[in-house]
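S.K.: Fold the stuff below for me.
(one chain, ligands or ions: 1)
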Amino acid sequence: MKYAYLGPSGTFTESALLQVDGAHESERVPAANVNVALSMVREGDVDAAVVPIENSVEGGVSATLDSIATGDSLQIVAEILVPITFVLAAREGITELGQIRQVSTHGHAWAQCRLWAEANIPAAVFAPAASTAAGALGLQDPEQHHDAAICSPLVAQERGLNVLVRGVEDNVGAVTRFILVTRPGKIPAPTGVDKSTLIIPLAEDRPGALMGILEHFTARGVNLSRIESRPTGEGLGKYFFSVDIEGHIAEERVAAAVSGLHRLCPSLRFLGSYPAVQGESPLIEEHNSNDAFIQARSFVDSLRARL
Ligand SMILES: O=C(O)C(=O)Cc1ccccc1
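M.R.: Numbers count the residues shown, from 1 in each chain. Have a look, this model is predicted:
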């Protein structure tokens, strides 16, 4: 297997990839950004890619949500959770926080350390980096101008960086969720605790349109674990919904919800069913069980056999 990931080496995304079975022994290709990593999958340069999709503080990673929602179809085959803690590393020679004028990191890392930065390095300007590791490596590049970076403790240690403060995150215990993405293929078998991801374009802009979508889940007892609206880019007011549900397409209630939604939004995208890392088997009421769906179908079939 050959994997792409948001690089360079030392990102949280690489830590996520290293949790994938066999990844230690596989070829790992760093990509400059999420779009590049996913294009490498689409074009067949790699077998799969790991990219961040959401974190418990800042929410969805727009670059990923948008990139998997459009273009050639992709499939999510696994999710990976990584607990996140950040350090503040400085350029060699800097010994005090007061000397820091410019700090570089990934936008999501900055969002998770903003209060700490306001309180401790108020004079520092934020310089966005393509990843935390890219910002960290920049500290060893004389051509770059930032004098500090917010990055993982691991990359700071591996690169022998000058760490001034550890644990600079505002929320202790933050977790980022990553996804393993392939070209469309076989769907992983259900485990009993699964998730599915859907992209649902808002077919018609009218009162109750979102309710119309949600009703398909409610009616079949399908719980949502994430819902985000993203602009389609076609003009103000044009949105699609990126949704994670608890359940697997092999389950009758999930299949029925997806089928109902497809009638409502034929351009819906099913991005995959895959094992959930956390959580328990969903509570399924009797009338939403596989058996109830199968019996209901055979009842209707028996009526229609008399046509
Ligand atoms: O930049 C990184 O290291 C990433 O992998 C993206 C990211 C940034 C901030 C929190 C979690 C993941």
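S.K.: residues from the stretch 151-300 of the chain in reach of the ligand?
M.R.: Contacts of the stretch 151-300 of the chain with the ligand, taken as C-beta under 6 Å from any ligand atom, map to residue 176. Just so you know, the C-beta spots here come from the backbone N, C-alpha and C atoms, and that holds for glycine as well.
S.K.: Would you confirm that residue 91 contacts residue 142?
M.R.: No - between residue 91 and residue 142 there is no contact under C-beta atoms under 8 Å: 9.4 Å.
S.K.: between these two, which one's more packed in?
M.R.: residue 91 (21 against 6; other C-beta atoms under 10 Å).
S.K.: can you tell me how far that one sits from the ligand?
M.R.: 19 Å (C-beta to the nearest ligand atom, to the nearest Å).
S.K.: Looking at that residue now. What's its pLDDT?
M.R.: Each residue has a pLDDT score; the one for residue 91 is 97.
S.K.: Buried residues, stretch 90-102. List them.
M.R.: 90-91, 94, 97, 99-100, 102 (16 or more other C-beta atoms under 10 Å).
S.K.: Pretty sure residue 100 sits against residue 124.
M.R.: Yes - counting by C-beta under 8 Å, residue 124 is a contact partner of residue 100 at 4.8 Å.
S.K.: Let me have the buried residues of stretch 90-102 in TSV, extended by secondary structure.
M.R.: TSV is the format used below for these (DSSP: H, G, I helix; E, B strand; the rest coil):
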residue	secondary structure
90	strand
91	coil
94	coil
97	helix
99	helix
100	coil
102	strand
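S.K.: ok, now how distant is residue 108 from the ligand?
M.R.: 4 Å.
S.K.: what do you get for residue 116?
M.R.: Counting by C-beta to the nearest ligand atom, the gap from residue 116 to the ligand is 14 Å.
S.K.: per-residue confidence for that residue?
M.R.: pLDDT recorded at residue 116 is 98.
S.K.: That one - how many residues pack around it?
M.R.: Neighbours around residue 116, by other C-beta under 10 Å: 17.
S.K.: residue contacts, the closest residue to it other than its chain neighbours?
M.R.: Nearest residue to residue 116, sequence neighbours excluded (C-beta to C-beta, 6 or more residues apart in numbering): residue 168, at 4.7 Å. Contact analysis of residue 168 by C-beta atoms under 8 Å, 6 or more residues apart in numbering lists 86-88, 113, 116-117, 120, 150.
S.K.: Ramachandran angles for the residue of the stretch 151-300 of the chain found nearest the ligand?
M.R.: For the stretch 151-300 of the chain and the ligand, the shortest gap (C-beta to the nearest ligand atom) falls at residue 176, measuring 4.0 Å. For residue 176, the backbone dihedrals (degrees, to the nearest 10) come out as phi -110, psi 140.
S.K.: doesn't residue 85 make contact with it?
M.R.: No - if you go by C-beta under 8 Å, residue 176 and residue 85 don't touch, sitting 11.1 Å apart.
S.K.: Tell me where the stretch 101-250 of the chain has strands.
M.R.: Taking DSSP state E, counting those that start in this stretch as the test, the strands found in the stretch 101-250 of the chain are 102-105, 125-128, 148-151, 162-166, 175-182, 194-201, 224-231, 239-246.
S.K.: Highest mean neighbour count out of these?
M.R.: Comparing the strands of the stretch 101-250 of the chain by mean neighbour count (mean count of other C-beta atoms under 10 Å), strand 148-151 ranks first with a mean of 29.
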